[in-house]
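Model the following, please.
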Amino acid sequence: MRVALATYSTKPRGGVVHTLGLAEALARRGHDVTVWTLGRGGDTTFFRPVDPAVRVEAVPFAPVDAEDVGARIVRSIDVLGGALAEHLRSQRARPDVVHAQDCISANAALAPARTAGVPLVRTVHHLDAFTTPQLVACHDAAVREPDALVCVSAAVAGEVRAGYGLQATVIPGAVDAARFAAAARPAPSARAARRAWRSRLGRFVLAVGGVEPRKGSLDLLEAWALLRRHRLDLRNVALVLAGGETLFDHREYRAAFEARAAELAQELGAAPVVLGPVDDDALPSLVAAADAVAFPSTKEGFGMAPLEALAAGVPVVARDLPVLREVLGEAVLFGGGVPDLADALVSALDGGAPSAAHGRVVAAGFGWPRAAAAHEAFYERLPGDGRSRIGA
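Just a heads-up that it's a prediction; the model follows:
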């Protein structure tokens, strides 16, 4: 089967990580897989090496000075759509299915796929509430218009059904659990990598995903401050935030975070450590070196970062969301608002988290081979002409 996967970025965002994991797993099952993306900032490939069995098509996307988010969204759709249209006009290279992983790539693929008679699938990782008009339109069309929808959790599929009256097929997301488990092992190289992070950061609570509203960064900052105020024996525990590459403009939120961090530094004598994007090879050891991983997101579709932490045997504190209950079950500590998150962090640091062995079992249950097999079966059920809606 020829499969074209499409994503909007080459950077290490959750949807991009998912796209690459799925592409490689499908290729290992013998499928002909191409991943289409926008090569922003001169990128010609992704943030990490990709299995040579997967072809990568990074469409050049030059920056434009003073371009606002709305205009950038429209241009992203036009540029990626033009490249996909040219590709789909070729009878010899035409895929059997185009599978978009976000609203930009879905909108870009809509017209080319319909013209070529190729079914278009969209994975809805989560539903968003945007205010930028172009983003609102992009988000809405990317749910309503594809021929079939996939969701990575039943919770998000329920939101799609309630909000749009559409039935999505649930295929749970996946993680490379073995990669993070290896970072926690006693092998000399793994120990040295963890020791390097600890010598730099000391004891620390880690959040992966950057500073942005959906990730609940300000709530985590306040929870960490409560922890330091009320537990003198935990005042040496740092807050570390990693990641943060995104298309969207969160400057106001980041400015509020930085201002509050500066206030807390005056009060507590410490500020959070914002690492920004971390090299993909270094991420597992960073996770494995943490005393706890916090995942206070206000909206999620699955939960890759906490599963990766569980694979490494690290205690996890997560926001009490239905989707995270669904995916993580009883393997983590949950918190609602800031005080609850602070209490859960204290419990995790005091050794009160669920057993690491149970967490590893949970993480290992979300593997890419199973996800790829489920996608393969799903693709085989698609209508061949790309014009009959599934799940309406």
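
got the contact list for the longest helix seen in the chain?
Identified as the longest helix of the chain according to DSSP state H is helix 69-88. Outside helix 69-88, the residues that touch it by C-beta atoms under 8 Å, 6 or more residues apart in numbering are 4, 6, 8, 36-38, 57, 59, 61, 64, 67, 93-95, 98, 104-105, 107-113, 115-116, 118, 132-135, 138, 247-249. (Glycine included, C-beta is placed from N, CA and C.)

try 7 Å this time
Contacts to helix 69-88, defined as C-beta atoms under 7 Å, 6 or more residues apart in numbering, come from residues 8, 36, 38, 59, 61, 93-94, 104-105, 107-109, 111-113, 116, 118, 132-135, 138, 248-249.

List the neighbouring strands of the helix or strand following it plus their orientation.
Per DSSP states H and E, the first helix or strand lying C-terminal to helix 69-88 is strand 97-100. Using DSSP bridges, the strands paired with strand 97-100 are strand 2-6 (parallel), strand 120-124 (parallel).

can you list contacts of strand 97-100?
Against strand 97-100 from outside (C-beta under 7 Å, 6+ apart): 3-6, 106, 109, 113, 118-122, 379, 382.

hey, C-alpha coordinates of that strand in PDB?
What follows is strand 97-100, C-alpha atoms only, in PDB (Å, rounded to 0.1, in the frame of the first residue of the first chain):
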ATOM      1  CA  VAL A  97      -4.400   7.100   1.000                       C
ATOM      2  CA  VAL A  98      -3.400  10.600   2.200                       C
ATOM      3  CA  HIS A  99      -3.300  10.800   6.000                       C
ATOM      4  CA  ALA A 100      -3.000  14.300   7.500                       C
END
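
centre of the chain versus that strand, how much separation?
18 Å (C-alpha atoms, centre = their mean, to the nearest Å).

the inter-axis angle of the helix or strand that comes right after it versus helix 69-88?
Next helix or strand after strand 97-100 toward the C-terminus (DSSP H and E): helix 103-116. Our comparison of helix 103-116 with helix 69-88, counting by axes from the mean of the first three to the mean of the last three C-alpha atoms, to 10 degrees, yields an angle of 30 degrees.

quick revisit: pick the one among the contacts of strand 97-100 closest to Val150.
Val121 (6.2 Å; C-beta to C-beta).

wait, that closest one sits on Glu145?
No: using C-beta atoms under 7 Å, Val121 makes no contact with Glu145, being 11.6 Å away.

Looking at these two, which is more packed in?
Val121 (27 against 17; other C-beta atoms under 10 Å).

For the closest residue in space to that one that isn't next to it in sequence, list each beta-bridge partner.
Closest residue to Val121 in three dimensions, ignoring its sequence neighbours and counting by C-beta to C-beta, 6 or more residues apart in numbering: His99, at 4.4 Å. Going by DSSP bridges, His99 is paired in beta bridges with Leu5, Val121.

and His99, how many neighbours?
Number of residues near His99 (other C-beta under 10 Å) recorded here: 31.

Ok, Ala207 next?
28.

again, but for Gly15
For Gly15, using other C-beta under 10 Å, the count is 21.

now do Thr132
What Thr132 shows, counting by other C-beta under 10 Å, is a neighbour count of 17.

What are the buried residues along the longest helix of the chain?
For helix 69-88, burial by neighbour count (16 or more other C-beta atoms under 10 Å) applies to 70, 72-77, 79-81, 83-85, 87-88.

Looks like Ser285 contacts Trp197 (just checking).
Yes: the criterion here is C-beta under 7 Å, and Ser285 meets it with Trp197 at 6.2 Å.

neighbour-wise, which of these two wins?
Each of Ser285 and Trp197 had its neighbours counted (other C-beta under 10 Å), and the higher figure belongs to Ser285 (23 against 19).

Let me see the contact set for that one.
183, 190, 193-194, 197.

could you redo these as CSV and give each row secondary structure, distance to Leu22 and pLDDT?
CSV is the format used below for these (DSSP: H, G, I helix; E, B strand; the rest coil; distance: C-beta to C-beta, whole Å; pLDDT from 0 to 100):
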residue, secondary structure, distance to Leu22, pLDDT
Ala183, helix, 22, 98
Ala190, helix, 27, 98
Ala193, helix, 27, 98
Arg194, helix, 29, 98
Trp197, helix, 29, 98
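
So which of those wins on neighbours?
Neighbour-wise, these (other C-beta under 10 Å) top out at Ala183, 24 neighbours.

Surely that one and Ala312 touch.
Yes: using C-beta under 7 Å, Ala183 is in contact with Ala312, at 5.7 Å.

can you list residues touching both of the two?
284, 287-288.

Return the subset of these lying in helices.
284, 287-288.

how many neighbours does Pro354 have?
When counting by other C-beta under 10 Å, one arrives at 18 neighbours for Pro354.

Just confirm it is within a strand.
No: counting by DSSP: H, G, I helix; E, B strand; the rest coil, one finds Pro354 to be coil, located in no strand.
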